[in-house]
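# need a structure here:
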Amino acid sequence: MYMSQKFLLPALSLENVSKTFYRGNESKQALRDVSFTIEQGDFFGLLGPNGAGKSTLIGVLAKTVKLNSGRIKALGFDLETQWRQFKMCLGIVPQEITFDPFLTVYDTLRLQSGYFGLRGNQKWIERLLDVLDLSDKKNSSVMSLSGGMKRRVLIAQAMVHQPPVIVLDEPTAGVDISLRHRLWEFMADLNRKGHTIILTTHYLEEAEKLCRNVALLNHGKIVTLESTQSLLKEYSKERILFSLPSELPKDFPINCTKLSDGSYCTAYGSPENLHTLLNELSKVGLMPEKLEIGKANLEEAFIRITGK
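Below is the predicted model:
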């Protein structure tokens, strides 16, 4: 695997990156002066709600979306003026599955090698197929594969030129739990072997488990940029987590956050706060089906910061 010899250079740096889309007389600013740096060897999470600008940023890195302003460098190579060197530094796993459906898995990877000007890449392709459990499908058409297998082919495509920086846009979306965990192990192993990993994901459990540093993007702006542990520590005050048989009324007097699984959380503070919560729930005819006191997780921090 790749280990960079340019350790003093950031894996990826963005400086005042902006992008506005225009349609007729309407405009939408998808990225607003986005600046951050990712060091070599990091496992970095880029998080945000739908419409935050994550996919636009990935498009900019792949040069399928053109910047309005700003500068991006990968290992010191400029996106605009040194594109050939820049693209060799990055392997991007897109969210959308796009292949020539009639090509075999092996031919897909061989053609991708040609795109990067690589010859005699067969040994590395075979290794990728083995690591990604695709060896027995190498002669199958991509069209015949399951969704999970197609996603693994996307990862192999992104890694065919052994890039030092790997960008994974929702890599586990639409795959089953078993494959998701296998992909987690694979990504963690790549990172241990020296690759810088940049991950966008809707699964906050994924980011909490894998990422050392995270940036939260909201309405095209970076709203927080810090280590995962620092973010969790900031929001790690004890909270009450509870589930209910029906929705809380909108005028409920205690501030509660609804989580993605339908449960609620609110600050614990003291036993008196728990007693008050139970009293207020009783007044509106609700009894918790499940209740526990514990530390906040990344999902709760995310919701509190972005309001989503």
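
# When you work out contacts or count neighbours from here on, use the C-alpha atoms and nothing else.
Noted.

# By neighbour count, which bits of stretch 231-249 are buried? Give me those.
Buried residues in stretch 231-249, counting neighbours by 16 or more other C-alpha atoms under 10 Å, are found at 231-232, 235-236, 239-244.

# Correction: the previous question concerned stretch 32-50.
For stretch 32-50, by 16+ other C-alpha under 10 Å, it's 32, 34-35, 38-49.

# So which of the residues you listed sit within strands?
Among the buried residues of stretch 32-50, the members found in strands (DSSP state E) are 32, 34-35, 38, 43-47.

# In these, find the pair that's most separated.
Arg32 and Phe43 (23.7 Å; C-alpha to C-alpha).

# the helices in the stretch 51-200 of the chain, which residues?
All helices of the stretch 51-200 of the chain, identified by DSSP state H, counting those that start in this stretch, fall at 54-61, 83-89, 105-115, 122-131, 147-159, 177-192.

# Tell me which of these sits most buried.
Comparing these by mean neighbour count (mean count of other C-alpha atoms under 10 Å), helix 147-159 ranks first with a mean of 22.

# and the residue lying closest to Phe102 once chain neighbours are set aside, how many residues sit next to it?
Closest residue to Phe102 apart from its sequence neighbours, by C-alpha to C-alpha, 6 or more residues apart in numbering: Ser141 at 5.6 Å. By other C-alpha atoms under 10 Å, 17 other residues sit near Ser141.

# ok, what's across the strand from Ser141?
Beta-bridge partners for Ser141, by DSSP bridges, are Thr104.

# Which residues are in contact with it?
Going by C-alpha atoms under 8 Å, 6 or more residues apart in numbering, Ser141 touches 101-105.

# which of those lies closest to Lys19?
Taking C-alpha to C-alpha as the measure, Lys19 lies nearest Pro101 of the contacts of Ser141, at 32.4 Å.

# Look at the residue lying closest to that closest one once chain neighbours are set aside and say how many residues are nearby.
Nearest non-adjacent residue to Pro101, counting by C-alpha to C-alpha, 6+ apart: Met143, 4.5 Å away. Counted by other C-alpha under 10 Å, the residues lying close to Met143 total 15.

# From what I see, Met143 and Phe102 are in contact.
Yes. The pair Met143 / Phe102 is scored as a contact, 6.4 Å apart, by C-alpha atoms under 8 Å.

# Which single one of the contacts of Ser141 is nearest to Leu128?
So of the contacts of Ser141, ranked by how close each gets to Leu128 (C-alpha to C-alpha), first place is Val105, at 11.3 Å.

# Quick check: phi and psi at the residue nearest to the closest one when sequence neighbours are not counted.
Spatial nearest neighbour of Val105, excluding adjacent residues (C-alpha to C-alpha, 6+ apart): Lys138 at 4.9 Å. Taking degrees, to the nearest 10, you get phi -60, psi -30 for the backbone angles of Lys138.

# Just to check, Glu170 is in contact with Ile92?
No. Glu170 is beyond contact range of Ile92, at 11.0 Å (criterion: C-alpha under 8 Å).

# Who has more neighbours out of the two?
When Glu170 and Ile92 are compared for neighbours, Ile92 comes out ahead with 23 against 17, by other C-alpha under 10 Å.

# can you tell me how far the more buried one sits from Thr228?
Per C-alpha to C-alpha, to the nearest Å, Ile92 is found 23 Å from Thr228.

# before we move on, what about Gly148?
28 Å.

# Equivalent analysis for Cys89, please.
On the measure of C-alpha to C-alpha, Cys89 and Thr228 end up 25 Å apart.

# that older thread, just the closest of the ones in strands among the buried residues of stretch 32-50 to Ala215, please.
Closest approach between those and Ala215, by C-alpha to C-alpha: Leu46, at 5.1 Å.

# list the contacts for the closest one?
Here Leu46 is in contact with 54, 198-201, 214-217 (C-alpha under 8 Å, 6+ apart).

# now the helices of the stretch 51-200 of the chain in CSV, with mean pLDDT and distance to Lys221?
Compiled in CSV, these are given as follows (pLDDT from 0 to 100; distance: least, C-alpha to C-alpha, whole Å):
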stretch, mean pLDDT, distance to Lys221
helix 54-61, 92, 10
helix 83-89, 93, 24
helix 105-115, 91, 33
helix 122-131, 90, 36
helix 147-159, 86, 27
helix 177-192, 83, 27
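
# Out of the buried residues of stretch 231-249, which sit inside helices?
231-232 (DSSP state H).

# what about Pro271, neighbour count?
Neighbour count of Pro271, defined by other C-alpha under 10 Å: 9.

# Run through this protein and note the low-pLDDT ranges.
Along the chain, the parts satisfying pLDDT under 70 run over 1-7, 96-97, 174, 234-237, 295-297, 299-300, 304, 306-308.

# Strictly from the record, what residue spans define the domains of it?
Split into domains by automatic domain parsing, the chain comes to 12-228, 235-306.

# How far does the shortest one sit from its chain's centre?
Spelled out, that is domain 235-306. Put simply, domain 235-306 sits 27 Å off its chain's centre (C-alpha atoms, centre = their mean, to the nearest Å).
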